[in-house]
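Undergrad: Predicted model, plus sequence, below.
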Amino acid sequence: MIYRHAMLALPALLLAGPALAQDSAAPADDCAVAEFSMGLRFQQQSAEIRALQRQAFNLATMRLDAAVEGADDPAKLAVVTDLDETVIDNSALLARDLADCHMYDVWDTWLPWERDGDPTLVPGAREFLDHADGLGVTIRYVSDRSDQQKQHTLDTLSELGLPQVSEESVLLLGPPKTERRDLVAQDHQIVLLLGDTLHDFDGRFRKTPLEDQKATVDEEAAKWGDMWIVLPNASYGTWSDATLTEWQAEPVIEPWE
């Protein structure tokens with residue numbers, strides 16, 4: 001799931017694409033978007049990101065199994081998940097924009113990708129969702145993709161083989177995600193929330209200062225890894241323009257022996 005600008009009806013998601021694996025596709029040094037290249041490379045190419053993604057879905061599976069074990073009717077339980085960078089990987093679009101020195105976090109290349117792009121699945125996502133479906137648990141996909149292009153998203157999810165894909169189960173950009181989650185909660189008990197950005201979990205994270213977000217993360221410490229499962233996204237976010245904290249000591253250059 002991605003953090004979008006209020007004026008855009010697009011999802012903020014995109015990560016580094018296959019082009020990042022080739023140095024020839026890397027942006028020029030004077031390209032402003034080049035600062036994101038290391039994060040995109042990590043997001044798309046590292047083995048560590050796959051480990052973290054699979055770890056998140058393994059944990060989600062354990063939590064879901066425990067919830068179902070104590071439920072009278074699993075169909076009344078719901079898993080609510082974001083799509084972009086949580087279930088599907090759109091990094092090829094970001095890598096293409098990076099190679100073109102196009103600042104991808106204005107999301108002006110997103111709608112064509114939504115219609116014609118070919119995202120892949122995040123490792124572990126399909127296995128988890130198929131497991132939830134097999135248990136009889138309700139799945140709701142809550143994403144800030146364009147509702148005007150909903151059929152394209154439905155087609156993409158179906159082509160990727162994801163379960164329970166329908167007009168009713170896919171809730172796209174319109175009301176804030178908090179309100180869409182509340183719709184699900186009207187007739188289901190939400191037992192798991194999955195996402196890659198914090199407003200996938202609670203409205204207090206939406207459009208709030210970074211320090212306030214950090215404080216809320218700590219206030220809700222018990223929910224992380226329990227009801228809230230966060231997927232890693234190193235390619236963009238509200239943290240991207242934060243000032244780094246530096247060690248104030250004078251540099252000492254000492255060769256490693």
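TA: Yes, it's here. Residues are numbered from 1 along each chain as shown.
Undergrad: What ranges does the stretch 1-150 of the chain have for its strands?
TA: With DSSP state E, counting those that start in this stretch as the criterion, the stretch 1-150 of the chain has strands at 77-81, 88-89, 120-121, 138-142.
Undergrad: closest one to residue 189 among those strands?
TA: Ranking these by proximity to residue 189 (Cβ to Cβ) places strand 77-81 first, at 5.4 Å. Just so you know, the C-beta spots here come from the backbone N, C-alpha and C atoms, and that holds for glycine as well.
Undergrad: Pairing partners for the closest one, with directions?
TA: strand 138-142 (parallel), strand 189-195 (parallel) (DSSP bridges).
Undergrad: To residue 206, which of those lies closest?
TA: Closest among these, using Cβ to Cβ: strand 189-195, at 11.9 Å.
Undergrad: hmm, who's touching the host helix or strand of residue 155?
TA: Element membership for residue 155 (DSSP states H and E) is helix 150-159. Contact with helix 150-159 is made by 83, 88, 114-115, 119, 141, 143, 145-146, 165-167, 170, 172, as judged by Cβ atoms under 8 Å, 6 or more residues apart in numbering.
Undergrad: Only the buried residues of the helix ranked longest in the chain, if you could.
TA: Once the chain is assigned using DSSP state H, the helix that runs over the most residues is helix 47-69. Of the residues in helix 47-69, 49, 52-54, 56-57, 59-61, 63-64, 67-68 count as buried by neighbour count, 16 or more other Cβ atoms under 10 Å.
Undergrad: could you dump the contacts of helix 150-159 to a markdown table with pLDDT and distance to residue 252?
TA: Compiled in a markdown table, those are given as follows (pLDDT from 0 to 100; distance: Cβ to Cβ, whole Å):
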| residue | pLDDT | distance to residue 252 |
| --- | --- | --- |
| 83 | 98 | 47 |
| 88 | 98 | 46 |
| 114 | 97 | 50 |
| 115 | 97 | 54 |
| 119 | 97 | 46 |
| 141 | 98 | 52 |
| 143 | 98 | 49 |
| 145 | 97 | 50 |
| 146 | 97 | 53 |
| 165 | 98 | 57 |
| 166 | 98 | 61 |
| 167 | 97 | 62 |
| 170 | 98 | 56 |
| 172 | 98 | 54 |
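Undergrad: In ChimeraX, how would I select the buried members of those residues?
TA: Entered in ChimeraX, the line below selects the buried ones among the contacts of helix 150-159, by 16+ other Cβ under 10 Å:
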select :83,88,114,119,141,143,145,146,165,170,172
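Undergrad: can I get the strands of the stretch 1-150 of the chain in CSV with distance to residue 251?
TA: Output for the strands of the stretch 1-150 of the chain, formatted as CSV (distance: least, Cβ to Cβ, whole Å):
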stretch, distance to residue 251
strand 77-81, 45
strand 88-89, 38
strand 120-121, 42
strand 138-142, 47
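Undergrad: if we can go back for a sec, turn the strands paired with strand 77-81 into TSV, columns for distance to residue 75.
TA: Supplementary listing: the strands paired with strand 77-81 in TSV, determined by distance: least, Cβ to Cβ, whole Å:
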stretch	distance to residue 75
strand 138-142	6
strand 189-195	11
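Undergrad: Tell me which of these sits nearest to residue 236.
TA: strand 189-195 (14.1 Å).
Undergrad: Please report phi then psi for the closest residue to residue 58 other than its chain neighbours.
TA: Nearest residue to residue 58 in three dimensions, chain neighbours excluded: residue 124, at 7.1 Å (Cβ to Cβ, 6 or more residues apart in numbering). When read as degrees, to the nearest 10, the backbone of residue 124 gives phi 90, psi -20.
Undergrad: For the stretch 151-257 of the chain, which segments count as helices?
TA: Ranges of helices in the stretch 151-257 of the chain, per DSSP state H, counting those that start in this stretch, are 177-185, 210-219.
Undergrad: winner for burial among those?
TA: Stretch with highest mean neighbour count among the helices of the stretch 151-257 of the chain: helix 177-185 (a mean of 17; mean count of other Cβ atoms under 10 Å).
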